[in-house]
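S.K.: With the sequence up front, the predicted model follows.
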Amino acid sequence: MIFDDVGSYPLPVGVRRKWVEEALSRNLDDERLRSVVEDAFRQKVRAGVELPNYPQFQNMISQFLDPIMDSSRWEAPMLIKEGEAKIPEIELLEGVARECEERGEKLKLRICVTGPIELYYYKFGASLYMDVLLNIAESLNRFVKWSVERAESLNMEVKAVSLDEPSLGINPRIREEGIVDALEAASKFARLRKIDVQIHLHSPLLYKYVLDVEGISVIGVESAADPSSLNLIDKRDLERYDKFLRVGIARTDILNMAAEYNERHDTNVFKDPNGIAKVINLYNSPEAVKERLEKAYSVFNDRIKYVGPDCGLGTFPSQEAAFLLLKNTADGVRRLRAELKD
């Protein structure tokens, strides 16, 4: 079981998302920008994340859809040229990669791209044009290709790629037609490189369609906030199709947790300087994390390959809160590993 994270992370105090997005599109030599990205990545590592995702500070839709919709970058409509499909945050981790190299190590990295189904339905709605969908999927494949190859040139190794499809199984407009072909196209390069491809789902209702996608090897299930989600997964399906799970073992719905805490304790955590920490330590204590993982492991055993927070931490009110959540998760994973060894 590998402890990874989904990607998004709070910005430090005084740094605005709009500034980061503009700087990422214009000036990668900005030392302040580099420091913001590197510091967030280092925090993930210090907290115990074993396969950290690049810190995703951009909007998950516009980060990929804006370049794909820019006709000046097209090879064909909605098919971005290979040299234009970049994830600039990879470049900004060069200094961290050098630090690893000086220790005789290689930086291991997870990357995430927003999936083709999510982007297509966000932009075009329910009318399905397969040529457009497949061009979007191939464009995402090119983002993956550039990221893997650029990481290699900087002495990093991409060990997992995630296709983020939060609406799949939730949005009733999304039809089953085209799902398999689009996901296959988006995961093509990673599959050829034998890199694990995860699909990050908010609902596993349509997970059976993923079983037919050769390029996807890991199905992600947000199961910390809703443990019943795992009841929809049949271990026999995973074994038959040789698929694995990424199991959410730490809740990330911070506003819901805060509301539950406020109701239970008749308080307002946002007026308490330590309130959010109390919420995290209640709902995501190391012991609570361990118990969630233990329950999932009792059912799926070695079919669990990755574990971590349900979703990204970009909605958390501070980096300190996000760090605490990751640290508690790491502690919970270690506790179960220790018990399994005994």
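M.R.: Nice, I can see it.

S.K.: Leu326 against Pro52, yeah?
M.R.: No: taking contacts as CB atoms under 8 Å, Leu326 lies outside contact range of Pro52: 9.1 Å. Where C-beta positions appear, they are placed from N, C-alpha and C, glycine not excepted.

S.K.: Overlap in contacts, these two.
M.R.: 5, 44 (CB atoms under 8 Å, 6 or more residues apart in numbering).

S.K.: Any regions of the stretch 101-250 of the chain where pLDDT drops low?
M.R.: Scanning the stretch 101-250 of the chain for pLDDT under 70 picks out no residues.

S.K.: all strands in it, in order from the N-terminus.
M.R.: 107-114, 156-165, 196-201, 218-221, 244-250 (DSSP state E, counting those that start in this stretch).

S.K.: Which one, of those strands, ends up nearest to Arg264?
M.R.: strand 244-250 (19.2 Å; CB to CB).

S.K.: Check which element follows that closest one along the chain.
M.R.: Sequence order places helix 254-265 as the next helix or strand after strand 244-250, per DSSP states H and E.

S.K.: for that following helix, packing partners?
M.R.: Packing partners of helix 254-265 (3 or more CB pairs under 8 Å, 6 or more residues apart in numbering; DSSP states H and E): helix 275-283.

S.K.: Return the set of buried residues in stretch 26-39.
M.R.: 28, 33-34, 36-38 (16 or more other CB atoms under 10 Å).

S.K.: Out of the strands of the stretch 101-250 of the chain, which one sits most buried?
M.R.: strand 244-250 (a mean of 27; mean count of other CB atoms under 10 Å).

S.K.: what packs against that one?
M.R.: strand 218-221, helix 286-300, strand 304-309, helix 319-341.

S.K.: how about 10 Å then?
M.R.: If you count contacts as 3 or more CB pairs under 10 Å, 6 or more residues apart in numbering; DSSP states H and E, strand 244-250 packs onto strand 196-201, strand 218-221, helix 235-241, helix 286-300, strand 304-309, helix 319-341.

S.K.: Can you tell me the strand partners of the shortest one and which way each runs?
M.R.: With DSSP bridges as the test, strand 218-221 is paired with strand 196-201 (parallel), strand 244-250 (parallel).

S.K.: export it as CSV, just CAs?
M.R.: Only the C-alpha atoms of strand 218-221 are listed here, as CSV (Å, rounded to 0.1, in the frame of the first residue of the first chain):
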residue,chain,number,x,y,z
VAL,A,218,-6.3,1.5,-10.3
ILE,A,219,-9.8,2.6,-9.4
GLY,A,220,-10.0,5.4,-6.8
VAL,A,221,-12.9,5.3,-4.3
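
S.K.: Domain-wise, how is the chain divided?
M.R.: Taking automatic domain parsing as the criterion, the chain consists of the domains 1-58+251-342, 60-86+100-216.
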